[in-house]
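Just a sequence and a predicted model for now, questions to come.
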Amino acid sequence: MTDQNVTKVLLDESEMPRRWYNLVADLPSPPPPVLHPGTLAPVGPDDLAPLFPMALIEQEVTDARYVDIPEDVLDVYRLWRPSPLYRARRLERALGTPAKIYYKYEGVSPAGSHKPNTAVPQAYYNAAAGIRRLTTETGAGQWGTALSFAAAQFGLECEVWQVRASYDQKPYRKIMIETFGGVIHPSPSPLTAAGRAVLERDPASPGSLGIAISEAVEVAAQHADTNYALGSVLNHVLLHQTVIGEEALLQFAKIGVTPDVIVGCTGGGSNFGGLTFPFLREKLAGNLDVTIRAVEPASCPSLTKGVYAYDFGDTAGMTPLMKMHTLGHDFIPDPIHAGGLRYHGMSPLISHVYALGLIEAVAIAQSECFAAGVRFARAEGIVPAPEPTHALAACIDEALRCKESGEPKVILTALCGHGHLDLAAYGAYLAGEMTDHAPTDAQLAAAIANLPSVPA
Ligand SMILES: *Cc1c(COP(=O)(O)O)cnc(C)c1O
C-alpha cells in the first residue's frame, strides 16, 4: 500500500498496541507536583485514595515510559480498535490544496468518541479494587456515555452529573447513558452541597464542568464503595489515550508517510495528548520534524488567554491544586455547542508541554468551526462532533495556506467523535442562529482574580 491510492489504513487486531506511552519519561523536566489544597504540600497516594484505585494513582505519578495494557482491557478495546486512519482525499479536492490531510477516526467506538479508551481501563481497575459504583461529570454527554458503557462491562454502577446546558440541548445522550445502565442528573443538582450552593446563587445556572465535578467528587468522597472517574485532564487519562497515536504511527509506517503538522482540539487535552504524545516522543528523539498545534474554542481559551498557575480542578475548590493553564476555577464559559470543550483548565501535562515550547495553540470561534464541520461532512460523509470541528477548522486553515504556498504538507488530526447526537447544534448553525462569544478582558481578569494563592 502507498499513499497514492489509500483512502483508509487499517491495522489487524494482532497489531494493536499492547502498551500505553507515558510522555513524562521523555520530557526534559517533569511537570510541577499536584498540591494538597490545605497544606500546599505535594499530594501523596493516600490523599487520592478516597477517589481513585491505587493502580490509577500509580499511573498518575509514574515515570515509567510504558505501561502494559491488561488483557481484559485489550479484550474490550477489540470491539472497535484498532480504529481507522483515513486520508481525506475528497476534502483535499474540495479545498484545491496540495496538502495531504489524514484523520484518525475515533467515532467508531461504543460512545462514538475517544472517551472509551480511558473509560474501559478506569472501570477495569476500579472493579479489580472491589469498588461497586463510579460517579462522574459529563459535558456534552460523551464521557457519561463512555463510562456507563465501561461500567456495564465490569459490573459497576455508574452515576453521572451532566452540565445543565448540555442536558437540555442533548436529550439523546441521557437515553444512551440510561440504556447502558447509568443514572443521570442535571448539574447543578439539589442532591449535593456543591450543587445546592450554586442553585442558591443562581437557580437558572447553566452549570459547568467544574460544578459537575464538585458534585461527583462530593458523592464519591462520602461513600467507601464509590469512586470517582475523570474523563480528561489527568495524567492517567492521557496515558490511556495514547493508543490513538501509537496506532497512527503504525498506520503511517505502513504507507511510508510522516506528518508535518498535527492539529487536535483541546478541552481538557485527552484526545490531543493521546494523538500527539507518541509523535512527540519521536520528535524529542530526533526521528520526526513535526509541528503540533492545539485548537481551543474562542469562548473558553485556557491555553491562549489563561494563566499558567496553580488552580482547583473544580468550581467548589474540593480537588487538589494543579499547575495548569486556567481561566480560573469559577470561570463559567458561554454555553457553546462543543460542550466537551467547556472546561476552565487544561491538562497539567499539556500545560507543561506548552510551557516547554513543544506545542503551539490557537483559538477559533464556533461558527468557523461548524462551517468546517459542514464542509468536512459534505466531502467525507461523516458528521463530526462539535469538538473536533475546531481541529478541522485549523486543518482547513493549514491546507489553505499550503494552497497559497504550494507546499504539499502532510496534516494529521483526530476526528475524535461523530456528531450524530449533536445534530441540534448543526440545526442552529444551518438556520443561521449560531452566535460567537469570547470572554472580555474584564471577565477574564475577574475569574483569574480568584485563583488560590500558592507561594512560588
Ligand atoms: C470529551 C470530548 C472532547 C474534549 O475532551 P479532551 O479531553 O480535550 O479530548 C473532545 N471531543 C470529543 C468528541 C469529546 O467527547
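That came through, no problem.

Before we move on, what's the pLDDT of the most far-flung residue of the chain relative to its centre?
Centroid-distance maximum for the chain: residue 406 at 33.0 Å, with C-alpha atoms, centre = their mean. On the pLDDT scale, residue 406 is placed at 97.

show me the contacts for it.
Neighbouring residues of residue 406 by C-beta atoms under 8 Å, 6 or more residues apart in numbering: residue 98. Using the backbone N, CA and C atoms, a C-beta is placed for each residue, glycine as well.

Skipping adjacent residues, who's closest to residue 98 in space?
residue 408 (4.2 Å; C-beta to C-beta, 6 or more residues apart in numbering).

before we move on, what SS does the one you found have?
Three-state call for residue 408 (DSSP: H, G, I helix; E, B strand; the rest coil): coil.

from what I can see it touches residue 100, true?
Yes - using C-beta atoms under 8 Å, residue 408 is in contact with residue 100, at 6.6 Å.

Compare those two and say which one has the larger neighbour count.
Counted by other C-beta atoms under 10 Å, residue 408 and residue 100 do not tie: residue 100 has more neighbours, with 21 against 11.

Setting aside sequence neighbours, what's the nearest residue to the more buried one?
Excluding the flanking residues, the one nearest residue 100 by C-beta to C-beta, 6+ apart is residue 410, at 4.8 Å.

Could you list which residues are in contact with that neighbour?
Residue 410 neighbours (C-beta under 8 Å, 6+ apart): 99-100, 102, 257-261.

Just to be sure, which of those residues are found in strands?
Mapping the contacts of residue 410 onto strands (DSSP state E) picks out 100, 102, 261.

Could you dump these into JSON lines and include distance to the ligand and pLDDT?
Converted to JSON lines, these look like this (distance: C-beta to the nearest ligand atom, whole Å; pLDDT from 0 to 100):
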{"residue": "100", "distance to the ligand": "23", "pLDDT": "97"}
{"residue": "102", "distance to the ligand": "18", "pLDDT": "98"}
{"residue": "261", "distance to the ligand": "19", "pLDDT": "98"}
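
Residue 213: which of these is nearest?
Using C-beta to C-beta, residue 261 is the member of these that lies nearest residue 213, at 32.8 Å.

Contact residues of the stretch 151-300 of the chain facing the ligand?
Within the stretch 151-300 of the chain, the residues that sit near the ligand (C-beta under 6 Å from any ligand atom) are 232, 265-272.

top of the residues you listed by neighbour count?
residue 272 (35 neighbours).

Setting aside sequence neighbours, what's the nearest residue to that one?
residue 264 (3.7 Å).

How about residue 449?
Nearest to residue 449 is residue 328, by C-beta to C-beta, 6+ apart, at 7.5 Å.

Enumerate every residue touching the one you found.
Here residue 328 is in contact with 306, 311, 344, 446-451 (criterion: C-beta under 8 Å, 6+ apart).

gap between it and the ligand?
Look at residue 328 and the ligand: by C-beta to the nearest ligand atom, to the nearest Å, they are 19 Å apart.

so where do the strands sit in the stretch 1-150 of the chain?
8-9, 19-21, 66-68, 85-87, 100-105, 133-138 (DSSP state E, counting those that start in this stretch).

Tell me which of the ones you listed sits most buried.
strand 133-138 (a mean of 27; mean count of other C-beta atoms under 10 Å).

which other helices and strands contact that one?
Here strand 133-138 touches helix 116-128, helix 142-153, strand 157-163, helix 209-222, strand 226-228, going by 3 or more C-beta pairs under 8 Å, 6 or more residues apart in numbering; DSSP states H and E.

ok, 10 Å please
Applying 3 or more C-beta pairs under 10 Å, 6 or more residues apart in numbering; DSSP states H and E, we find strand 133-138 packed against helix 116-128, helix 142-153, strand 157-163, helix 171-179, strand 183-187, helix 209-222, strand 226-228.

Tell me which of these lies nearest to residue 323.
Of all the helices and strands packed on strand 133-138, helix 209-222 sits nearest to residue 323, with 16.8 Å by C-beta to C-beta.

Extract the C-alpha set from that closest one and format it as PDB.
Presented in PDB, the C-alpha positions along helix 209-222 are these (Å, rounded to 0.1, in the frame of the first residue of the first chain):
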ATOM      1  CA  LEU A 209     -17.900  21.000  34.100                       C
ATOM      2  CA  GLY A 210     -16.300  22.500  37.200                       C
ATOM      3  CA  ILE A 211     -19.600  22.400  39.100                       C
ATOM      4  CA  ALA A 212     -20.500  18.900  37.900                       C
ATOM      5  CA  ILE A 213     -17.000  17.600  39.000                       C
ATOM      6  CA  SER A 214     -17.700  19.100  42.500                       C
ATOM      7  CA  GLU A 215     -20.900  17.200  42.700                       C
ATOM      8  CA  ALA A 216     -19.500  13.800  41.600                       C
ATOM      9  CA  VAL A 217     -16.400  14.200  43.800                       C
ATOM     10  CA  GLU A 218     -18.500  15.000  46.800                       C
ATOM     11  CA  VAL A 219     -20.600  11.800  46.500                       C
ATOM     12  CA  ALA A 220     -17.600   9.600  45.800                       C
ATOM     13  CA  ALA A 221     -15.700  11.100  48.800                       C
ATOM     14  CA  GLN A 222     -18.600  10.300  51.100                       C
END
